[in-house]
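Asker: need coordinates for the following:
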Amino acid sequence: MSGEALGLFAAGLLAAWLRATAPILLAALGGLVSERAGVINVGLEGLMLVAAFFGVLGSAFAPQWWPGAAAWVYPWAGAVLGLLAALLLALVLAVFHLEFGADLIVAGIGINLLAAGVTVFTMVTLTGDKGSTAGLLSHALPTLHIPGVAGWPLLDALLNGDGGRGHHVLIYAAFGAVAIVAWLLWRTRLGLRLRAVGENPEAARAAGLPVKRLQYLALAFSGLLAGLGGLYLSMGYLTLFQADMTAGRGFLALAAVFLGARRPLGTLAAALLFGAASVLAGRLGLLHIPTQVVYMIPPAATVIAMVLFAQRREQLRRRALAAALTQLTPTGATTSTPGLPSR
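Answerer: Alright, predicted model coming up:
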């Protein structure tokens, strides 16, 4: 294989990596915002699922609702409907937890189960098919083409994807959202308040902050970002909805939040790791490797990464504790601390 061909192959692989990372990253950033506000969103999977379904539904029926509208309106109408569905479901989760005191983990799992059931039931009712919406003519959101790089095949393949058609608009949105979320959480007064609520809600309430309102806002924002991830799956990655098409990406996004140490750049790195695992699984699926092994790769990568992260964090904690004890212990004295060797 020539150097140019190898470069084109690598650029194509990188484009596939970006496509696999985008939905995980969008949902993970949503989970990061809610987690920072003290309301961890376990329902990311369900929020992605309803957005993916109602996005396709809206784009398919929009020509009947607005027959005289321009063609470009229809996919965006579907996107708005999908985001509204995800937002509504996120607010349902917020109401159950904040108003009725439901356990957030249990309520989140309930949201996931509800989304899986509602999408399949509605799909069967409208199309008669419980597998996909292939019978509906749905529309995809547009791609963005970066001009002026056609003379550099490698750069063109990197910036505009396979065939130079451009990357999907939500891929750019996903990576741009990293900077937006970082700015929101660490450079604005709203972000400071959200983090204060997440660190100590009682102290924030005593300081006069509207704790419940801020947590509602965090869960709503989380729902919108997770909804964007779902929309990408059904209106970009594919142009139809399939039953349970999120395939655990919401849970990968939740893991990315903690693997990334609850930071935007760390969350980006974790999402890239899980995206790479998904691409690897897809490539191995072409080599006649058993499907069970292929399906194991993304969750196995998640577990391994979380274990390594936990071990690294424990090592850092022990080093910090040892350094503190060294400063506090008089010269010549010995001490023994659980988890540390005697001195």
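Asker: name the residues that touch stretch 132-148?
Answerer: 53, 56-57, 59-60, 62, 71-72, 74-76, 78-79, 123, 126-129, 159-161, 164-170, 172, 231-232, 234-236, 239-243 (C-beta atoms under 8 Å, 6 or more residues apart in numbering). Where you see a C-beta, it was placed from the backbone N, CA and C, and this is true even at glycine.
Asker: how far is that stretch from where the chain is centred?
Answerer: 20 Å (C-alpha atoms, centre = their mean, to the nearest Å).
Asker: distance between the ends of that stretch?
Answerer: Counting by C-alpha to C-alpha, to the nearest Å, you get 39 Å between the two ends of stretch 132-148.
Asker: in it, what's buried?
Answerer: For stretch 132-148, the neighbour count (16 or more other C-beta atoms under 10 Å) marks 132, 133, 136, 138, 139, 140, 141, 143 as buried.
Asker: do the same with stretch 199-213
Answerer: For stretch 199-213, the neighbour count (16+ other C-beta under 10 Å) marks 201, 204, 209, 211 as buried.
Asker: same question for stretch 116-134.
Answerer: Residues 116, 118, 119, 120, 123, 127, 132, 133 are the ones in stretch 116-134 that count as buried (16+ other C-beta under 10 Å).
Asker: same question for stretch 98-110.
Answerer: Quick answer for stretch 98-110 (16+ other C-beta under 10 Å): 98, 104, 107, 108, 110.
Asker: report the helix or strand with the lowest average pLDDT across the chain.
Answerer: Counting by mean pLDDT, DSSP states H and E, the chain has its least confident helix or strand at helix 153-160, which shows a mean of 71.
Asker: so after that one, what's the next helix or strand?
Answerer: Using DSSP states H and E, the helix or strand that follows helix 153-160 towards the C-terminus is strand 167-168.
Asker: rebuild the buried residues of stretch 132-148 as TSV, extending it with distance to residue 325 and pLDDT.
Answerer: Listed next are the buried residues of stretch 132-148 as TSV, based on distance: C-beta to C-beta, whole Å; pLDDT from 0 to 100:
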residue	distance to residue 325	pLDDT
132	61	88
133	62	88
136	66	86
138	62	87
139	63	87
140	60	88
141	56	90
143	57	87
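Asker: for residue 149, what are its contacts?
Answerer: The contact partners of residue 149, by C-beta under 8 Å, 6+ apart, come to 155, 156, 159, 160.
Asker: same check on residue 74?
Answerer: Residue 74 sits next to 59, 62, 63, 66, 139 when contact means C-beta under 8 Å, 6+ apart.
Asker: who wins for most neighbours among these?
Answerer: Within these, most neighbours by other C-beta atoms under 10 Å means residue 59, with 29 neighbours.
Asker: isn't it up against residue 235?
Answerer: Yes - the pair residue 59 and residue 235 passes the contact test of C-beta atoms under 8 Å, sitting 6.7 Å apart.
Asker: shared neighbours, those two?
Answerer: With C-beta under 8 Å, 6+ apart as the test, residue 59 and residue 235 both reach 75, 78, 79, 138, 139.
Asker: what strand or helix carries the closest residue in space to residue 127 that isn't next to it in sequence?
Answerer: Of all residues not flanking residue 127 in the chain, residue 135 sits nearest, at 4.8 Å (C-beta to C-beta, 6 or more residues apart in numbering). Element membership for residue 135, per DSSP H and E: none, as it lies in no helix or strand.
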